[in-house]
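**Student:** Got a predicted model here, sequence first, then my questions.
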Amino acid sequence: MTTTSRPQGIHALRRPRGLGQDGVFRLTLRVVAVLIVIPVLWMMVDTFAETVPVWERFGIPGFVTGLRWAPSFTIYGALPFIYGTLLTSAIAMVIAVPVAVLIALLITEILPPRARTWVAVAVDLLAAIPSVVYGLWGLLVLVPVLRPFEQAVAGTAGKVVPFLAGPTPGPSYFAAGVVVSIMIIPIIAALSREVFAATPRLQREAVRALGGTRWDVIRTVVIPLGRSGVLAAIILGLARAIGETIAVTMVIGNAPKIGASIFSPGFTLASVIANEFNEANQELHPEALIALGLVLLVISVLVNGLAILIRQRFARGVGRVV
Amino acid sequence: MTTTPIRLQPPPVEPAPVVSVSAASHNAKMLEPAELSVELSGVNAFYGSRRVVRDISLPVRSNAITAIIGPSGCGKSTLLRCINRMHELTPGAHVEGRIEYHGIDLYAPDIDPVAVRRTIGMVFQQPNPFPTMSIHDNVAAPARFNGLIAGKAAEHDLVERCLRQAALWDEVKDKLKAGGTSLSGGQQQRLCIARALALEPDVLLMDEPCSALDPIATLQVENLMVELKRDYTIIIVTHNMQQASRVSDQTAFLTMGDDRAGYLVEMADTVEIFTNPRQQLTEDYVSGRFG
């Protein structure tokens, strides 16, 4: 059998009429993209509209920097809750990030293959526990367990640094931060694990063939190549920490003021909304709580935006300079 | 932190040339009595229970290039990875038999595999510079792993020396801070050779170092290998027969047996293998009749 070259006419080479397959696909994606954005914008606009009386009464700076929250006197200031949200999230991240990254490294780099699966499953299970269970466990188990530690810190460093001073009533920013850290460890650990496990084998072998140890593998290729992915994991954990509501409400002490010490009871934006909205019957009280929701939304967007910027910076180009 | 690295030193007294021809290596032609650097006797390599290298014995001469040739899947790379104890890093993999380096049993219980890898450097098939490091840091990396050097000045000297040895210095001396992966493929491979040399090894294992390179880069690496054999013992795995005949002094031909494990058909001086092979299998392979 022989084949000959058969020239094709112009009609065989023309673009198809209409959108074509790719065109339809592209259009569909655009429509979906717009549909995703609509509810978010709607939510922001609607929330803002609901809260206009609050802004008219206190002004945006006045509300955001207001230190006092006294619904019975129609005085609403958001700062204690903003402070509480940022502080508990910071405590949670300080604890969770190193622990989660170490767990991920342990699973991918140190443990024998069989143990890896078991530890990984155990950590993943932590993510499946409902918030309210964490809250109960935090209140009944963790808070009493943390007491001696808190007292020790307050009795030593706390004598010099007011931020660590007593008294240590139990429910506090610190307790909330610890509970939230345990809730976000599995999120950060699971994602970091995937990132570390994706380190190219050739890179690992390069280190080993040069007489590197496992530790050299970790510091030379696993962490530098995984940096950007781990930052993405941290961003997700942070978003969860900022928004966590029920568990925090149960262990933070629900005090609408700025506590001087991390061992003082406080409140966060999310937990005050959950806690007070049902019984908000004072003048402007529901509107003020919705306004706190708007502040929470803005903080989430700002913090995540910042984290994404940091991540992009880290992901760029060659890291170390000679 | 500087630690004195433990390196495998050849015994100070030159050992008598050992060209042992064990029963297993009866096909290894007697080589002229030169000093042996690495000697494999009855080496078997396994992945789990599957044997991929069967009973291979190879005498490797010092300051020479030994080529290991053979069809794909015949265990050439695995055999190479046994020599610097990389094979055992694969989960479930293990090695049987004896591999000696100047008379030292590399698999003896008191031998540190990390020290073996420092003494016997390796270059991989795919250039694998560290992508987050500069050219300079890539070459300095092994010294940093092993605490071989203290001080910036000594480090710069080492980097320059190794890049010169790898015939890369003139091309990169003005951009040492550029990323290691910003170089072309051939330059990256020479960077990896420089990096391996920074260990100040005695033996260099090269696993198809040119298979990802274009002909010009290949020629550069081949010329480099010939340069390097003055100071190093080189073992190269290649399935490019022209390359083996161009650069190597002795050649081992492996093929796959019925049990799908690679075995040694014949080993001799390269000229012998390519002009006057003793085995029909070798002749068929080097003349291109199969493989």
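**Tutor:** All right, it came through fine. These numbers were taken from a predicted model, which means no experiment stands behind them.

**Student:** Run the chain-centre distance for stretch A:195-207.
**Tutor:** How far stretch A:195-207 lies from its chain's middle: 28 Å, per Cα atoms, centre = their mean, to the nearest Å.

**Student:** Now the terminal residues of it, how far apart.
**Tutor:** 18 Å (Cα to Cα, to the nearest Å).

**Student:** repeat for stretch B:227-234
**Tutor:** This stretch, stretch B:227-234, spans 11 Å end to end (Cα to Cα).

**Student:** likewise stretch A:203-218?
**Tutor:** Stretch A:203-218: ends 11 Å apart by Cα to Cα.

**Student:** same deal with stretch B:106-115?
**Tutor:** End-to-end distance for stretch B:106-115, by Cα to Cα: 10 Å.

**Student:** Stretch B:85-98 too?
**Tutor:** Stretch B:85-98 stretches 12 Å from its first residue to its last (Cα to Cα).

**Student:** Okay, buried residues for that stretch please.
**Tutor:** Buried residues in stretch B:85-98, counting neighbours by 16 or more other Cβ atoms under 10 Å in any protein chain shown, are found at B:Arg85, B:Met86, B:His87, B:Ala93, B:Val95, B:Gly97, B:Arg98. Using the backbone N, CA and C atoms, a C-beta is placed for each residue, glycine as well.

**Student:** near chain A at all, that stretch?
**Tutor:** Yes: for a cut-off given as Cβ under 8 Å from any Cβ of the partner chain, stretch B:85-98 has contacts with chain A, namely B:Met86, B:Leu89, B:Pro91.

**Student:** How far does that stretch sit from its chain's centre?
**Tutor:** Centroid separation for stretch B:85-98 versus its chain: 16 Å, with Cα atoms, centre = their mean.

**Student:** likewise stretch A:175-191?
**Tutor:** How far stretch A:175-191 lies from its chain's middle: 9 Å, per Cα atoms, centre = their mean.

**Student:** Can you give me the buried ones in stretch A:148-157?
**Tutor:** Neighbour counts using 16+ other Cβ under 10 Å place A:Glu150, A:Val153, A:Ala154 of stretch A:148-157 among the buried residues.

**Student:** So which of these is the closest to chain B?
**Tutor:** Taking Cβ to the nearest Cβ as the measure, A:Val153 is the one of the buried residues of stretch A:148-157 closest to chain B, at 32.0 Å.

**Student:** contacting residues around the closest residue to that closest one other than its chain neighbours?
**Tutor:** Nearest non-adjacent residue to A:Val153, counting by Cβ to Cβ, 6 or more residues apart in numbering or on different chains: A:Leu164, 5.4 Å away. A:Leu164 is in contact with A:Val153, A:Ala154, A:Ala157, A:Gly158, A:Ser261, A:Ile262, A:Phe263, counting by Cβ atoms under 8 Å, 6 or more residues apart in numbering or on different chains.

**Student:** Among these, which are located in helices?
**Tutor:** If you go by DSSP state H, the contacts of A:Leu164 have A:Val153, A:Ala154 in helices.

**Student:** just the helices in the stretch 101-250 of chain A please.
**Tutor:** Secondary structure of the stretch 101-250 of chain A (DSSP state H, counting those that start in this stretch): helices at A:113-128, A:131-137, A:143-155, A:173-197, A:201-209, A:214-217, A:223-243, A:246-251.

**Student:** what about B:Val60, which helix or strand?
**Tutor:** Secondary structure from DSSP states H and E places B:Val60 in strand B:50-61.

**Student:** for that strand, what is the average pLDDT?
**Tutor:** Over the span of strand B:50-61, the pLDDT mean works out to 95.

**Student:** Would you indicate which residues of that strand are buried?
**Tutor:** For strand B:50-61, the neighbour count (16+ other Cβ under 10 Å) marks B:Arg51, B:Val52, B:Val53, B:Arg54, B:Asp55, B:Ile56, B:Ser57, B:Leu58, B:Pro59, B:Val60, B:Arg61 as buried.

**Student:** just stretch A:161-170 next, same as before
**Tutor:** Buried residues in stretch A:161-170, counted by 16+ other Cβ under 10 Å: A:Leu164, A:Ala165, A:Thr168, A:Pro169, A:Gly170.

**Student:** how many neighbours does A:Arg14 have?
**Tutor:** For A:Arg14, the number of neighbouring residues by other Cβ atoms under 10 Å in any protein chain shown comes to 8.

**Student:** correction: A:Asp46
**Tutor:** A:Asp46 has 12 neighbours, counted by other Cβ under 10 Å.

**Student:** Helix, strand, or coil at it?
**Tutor:** Of the three states, A:Asp46 takes helix according to DSSP: H, G, I helix; E, B strand; the rest coil.

**Student:** Redo the buried residues of strand B:50-61 as JSON lines? Include distance to B:Leu197.
**Tutor:** What follows is those, written out as JSON lines (distance: Cβ to Cβ, whole Å):
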{"residue": "B:Arg51", "distance to B:Leu197": "34"}
{"residue": "B:Val52", "distance to B:Leu197": "29"}
{"residue": "B:Val53", "distance to B:Leu197": "27"}
{"residue": "B:Arg54", "distance to B:Leu197": "33"}
{"residue": "B:Asp55", "distance to B:Leu197": "33"}
{"residue": "B:Ile56", "distance to B:Leu197": "27"}
{"residue": "B:Ser57", "distance to B:Leu197": "29"}
{"residue": "B:Leu58", "distance to B:Leu197": "23"}
{"residue": "B:Pro59", "distance to B:Leu197": "24"}
{"residue": "B:Val60", "distance to B:Leu197": "19"}
{"residue": "B:Arg61", "distance to B:Leu197": "20"}
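
**Student:** pLDDT score assigned to the closest residue to A:Gly135 other than its chain neighbours?
**Tutor:** Distances taken as Cβ to Cβ, 6+ apart place A:Met250 nearest to A:Gly135, at 3.3 Å, with adjacent residues excluded. Predicted confidence (pLDDT) at A:Met250: the value is 93.

**Student:** Could you measure from A:Met250 over to A:Val295?
**Tutor:** Distance from A:Met250 to A:Val295, counting by Cβ to Cβ, to the nearest Å: 22 Å.

**Student:** More neighbours: the two, which one.
**Tutor:** Using other Cβ under 10 Å, the more surrounded residue of A:Met250 and A:Val295 is A:Met250, with 25 against 20.

**Student:** List the residues that contact the more buried one.
**Tutor:** Contact analysis of A:Met250 by Cβ under 8 Å, 6+ apart lists A:Val132, A:Gly135, A:Leu136, A:Gly138, A:Leu139.

**Student:** Check B:Leu106 too.
**Tutor:** Counting by Cβ under 8 Å, 6+ apart, the residues that B:Leu106 touches are B:Leu8, B:Ile83, B:Arg85, B:Ile99, B:Glu100, B:Val116.
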